[in-house]
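K.L.:
Coordinates only, no sequence provided:
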C-alpha cells in the first residue's frame, strides 16, 4: 500500500495549493507574452511559485507568479484538453499580490 498517493481531484472544485511543477512553469512561459501585452509591462523574471487547478472540460489554473523580488501576480489560465491541440490561454489576472497572498479562485 502506497502512502504517497496524490490527493483526489474533485471534478469542478479547485485543488489545494501546491508547489509549482515544471509543467506549470511551462504554462506560465506560454502565457507570459500575452500577460506583458495586456499589462504593458515586461519582466525578465516570470517564475511560477504555486498553483491550484480545477478539472473541467480541460483544466483551469490559478497560478502565483513572481516577477521581481517583491512583485507577484495571480494568473487564471485555461488549458484545453490535449486532443483540442490548443495552447494555454490567459483568462484573467490579478496584480499587486504579495508572496503571502493565498491563491483564491477569481
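P.N.:
Sure, I can see it. Everything numeric here is computed off the predicted structure, so don't read it as measured data. Numbers count the residues shown, from 1 in each chain.

K.L.:
Shouldn't residue 103 be within a helix?
P.N.:
No: with DSSP: H, G, I helix; E, B strand; the rest coil as the criterion, residue 103 is coil rather than part of a helix.

K.L.:
now it: how far from residue 90?
P.N.:
Separation of residue 103 from residue 90 (Cβ to Cβ, to the nearest Å) stands at 16 Å. Where C-beta positions appear, they are placed from N, C-alpha and C, glycine not excepted.

K.L.:
Which secondary structure element is home to the residue nearest the centre of the chain?
P.N.:
What sits nearest the mean C-alpha location of the chain, by Cα atoms, centre = their mean, is residue 63, with 2.6 Å. Remark: residue 63 resides in strand 58-66, with elements defined by DSSP states H and E.

K.L.:
So what touches that strand?
P.N.:
Contact partners of strand 58-66, identified using Cβ atoms under 8 Å, 6 or more residues apart in numbering, comprise 14, 20, 24, 27-28, 45-54, 72-81, 84, 88, 91, 97, 99, 101, 103-106.

K.L.:
Any of those buried? List them.
P.N.:
The neighbour count (16 or more other Cβ atoms under 10 Å) marks 14, 20, 24, 27-28, 46, 48-54, 72-79, 88, 97, 103 as buried among the contacts of strand 58-66.

K.L.:
and residue 98, what is it in contact with?
P.N.:
Residues counted as contacts of residue 98 (Cβ under 8 Å, 6+ apart) are 70, 72.

K.L.:
Over to it: give its phi and psi.
P.N.:
phi -120, psi 170 (degrees, to the nearest 10).

K.L.:
roughly how far apart are it and residue 60?
P.N.:
According to Cβ to Cβ, residue 98 stands 23 Å off from residue 60.

K.L.:
Could you list the low-confidence segments of the protein?
P.N.:
1-12 (pLDDT under 70).
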